[in-house]
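> okay, here's the prediction I keep looking at, along with the sequence it came from:
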Amino acid sequence: MNYQTFSIKDAIIFIIDTGSISLSENFSWKLKRIFEVLRETISYICLTNSNLEEVCILLVNTLNSSKCDEEIASTYTFIPMGLVSTDMVKQLDCLLSSDDFVSTILQKTGGFGNVSLVQLFRKCNKLFNFCKSYKKKTIIFLTPTYDHFKNFTNESFLELKVIAKDLEEGKISVNIIVIDNNSISGNLTWNKIGARVDFCDNLDNLPLILKLKCSRTKCHRNISLYLTNNFKIEVDLYNIVDIKSIPKGFHIDAATNQVIQRNQVYKLDKGDEMFHNYDDVLSDSLSSDDVLSDNEYKSQDIPMKMKFYGKVFDFTNDEIAKIREIAPRGIQILGFRKIEEFKLDYIYSVALFVSAIEKKYRDKRIFFSLYNSCVNKNVFAVGRYVLKSNFSPQLVALIPTNKSQEGFFKYKGFYLFKMPFKENIRRLVEIDTNCKTNLCNATNFFVNKLTSNFTPLQYEDPMLERHYQAIEALALDKKITEMKDLPHNLS
């Protein structure tokens, strides 16, 4: 019987195609660059994720098969699943620093083979679900351009779709990165099994693509953004993956990128002066794991008993929620100010990114109307941010992204910077620098004592001193409580 242990770690399986096409003369330099980028990515994870991520690297289309994967032909485990460490970086360094990169790869792989995608993804599913239950699971398959499904029969493709469905149910993200432009129509077959396909014709963009795939970005869902109760929408908060002195867009994972950039058609409802509310669409927009939704304390109205000074009191969940509540949850807009009035020393935290929720069409249109107004008028919003109703409020600035910013991806939304309240700012009074002579002399004497030459003769044994004090107390008929410890100052 297998037992699963709970884990808050993320896990990534990198699959690298090292077949005959990858090790050809025209592509081998690209393969080496892929390993260099992989080395940079693992180093970045090693420095930033503090033992919260595990990584595995599989080489496919090989002649040799590693001992732990004998059941899968043409698959070699270059780095087994484990916590990201410097040992992984050293293994990649040994490979990259070898005199002949292609020969070193062939020594490990033994030659060329043809891997079964069905067996490969089944093995990945086992790696993610054996012994541990990971929080975020990602497969990243880096391959040159060719038709992986050329010799697939209908029966094999149906079997692959079953495995893909198992991966989807296990919340395993499958990402295919084709190192070339979109020149083979067979690459689009990946979409039929639910994989996300990216085409990378410029390897300079590969580090950023991998960083997007490997970083956890969405941090809080369904946060209320409101001016009044009548003007209230819901947004999502994201971590910014790549923070630079001059921001170049906002880098969110591939799934979210597809959602935000999708074009929507908005319809006016005859019975609604504003927008169609799309109730039938929004009914399934919240998933069961939205633990930070606005209904965080709402559940069945079951009374809770609490003892207080020997008496038993009954409280409903609503009453408990009111007791715990400090401020309403969400981001309340307090006003708007010119961008020029915002100073860098107001920043109190790392920036988050605020964006609209894709399926909430009415909220999305209001959000982008607010965004466009702020950009056109060159203003930012000042707000009060409460993550949970029992959390202390925080003062924040919502700064719109600039249209002129250039980057790999572009998003419309707001930076969220936490700012200090009035009480958090300590104002220093001017100090009189004209010190008196006796104060200067006393300070010099104190500093000289602290910096005098060291010798053990300056320190007396406190236990021995207490022993002699006890003898003295007995001789003079004193109480032992009258003894005092000697100060241990420098002589």
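On my side now, so go ahead.

> which other helices and strands contact whatever helix or strand Val55 lives in?
Here Val55 sits within strand 53-60, counting by DSSP states H and E. Packing partners of strand 53-60 (3 or more CB pairs under 8 Å, 6 or more residues apart in numbering; DSSP states H and E): strand 10-17, helix 28-48, strand 75-83, helix 101-109, helix 117-129. Quick note: C-beta positions are derived from backbone N, CA and C, even for glycine.

> identify the residues contacting the first one?
Think strand 10-17. With contacts defined as CB atoms under 8 Å, 6 or more residues apart in numbering, strand 10-17 is touched by 22, 31, 34-35, 38, 49, 52-61, 78, 81, 120, 124, 127-128, 132, 134-144, 213-214, 216.

> show me the domain layout of the protein.
5-214, 218-294+329-424, 437-482 (automatic domain parsing).

> could you tell me the least trusted of those domains?
Across the domains of the chain, domain 218-294+329-424 has the smallest mean pLDDT, namely a mean of 68.

> any idea which helix or strand comes after the helix or strand harbouring Lys213?
Per DSSP H and E: Lys213 is located in helix 206-214. Reading on from helix 206-214 to the C-terminus, the next helix or strand found by DSSP H and E is strand 218-226.

> what is the helix or strand harbouring Asp236 packed up against?
Per DSSP H and E: Asp236 is located in strand 232-239. With contacts taken as 3+ CB pairs under 8 Å, 6+ apart, strand 232-239 sits against strand 218-226, strand 352-356, helix 361-377.

> any buried residues in it, and which?
Ile233, Glu234, Val235, Asp236, Leu237, Tyr238, Asn239 (16 or more other CB atoms under 10 Å).

> mind putting these into JSON lines with distance to Phe445?
Output for these, formatted as JSON lines (distance: CB to CB, whole Å):
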{"residue": "Ile233", "distance to Phe445": "66"}
{"residue": "Glu234", "distance to Phe445": "66"}
{"residue": "Val235", "distance to Phe445": "62"}
{"residue": "Asp236", "distance to Phe445": "62"}
{"residue": "Leu237", "distance to Phe445": "56"}
{"residue": "Tyr238", "distance to Phe445": "58"}
{"residue": "Asn239", "distance to Phe445": "54"}
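
> nearest to Val375 among these?
Nearest to Val375 out of the buried residues of strand 232-239 is Val235 (CB to CB; 16.7 Å).

> give the buried residues for the one helix or strand Cys94 maps to.
In this structure, Cys94 sits in helix 86-96 according to DSSP H and E. For helix 86-96, the neighbour count (16+ other CB under 10 Å) marks Met88, Gln91, Leu92, Leu95 as buried.

> other SSEs contacting it?
helix 28-48, strand 75-83, helix 101-109.

> wait, which of the ones you listed is closest to Ser373?
helix 28-48 (35.9 Å).

> related to what we said a few turns ago, of the helices and strands packed on strand 53-60, which is nearest Asp318?
Set against Asp318 and scored by CB to CB, the helices and strands packed on strand 53-60 come closest in strand 10-17, at 36.5 Å.
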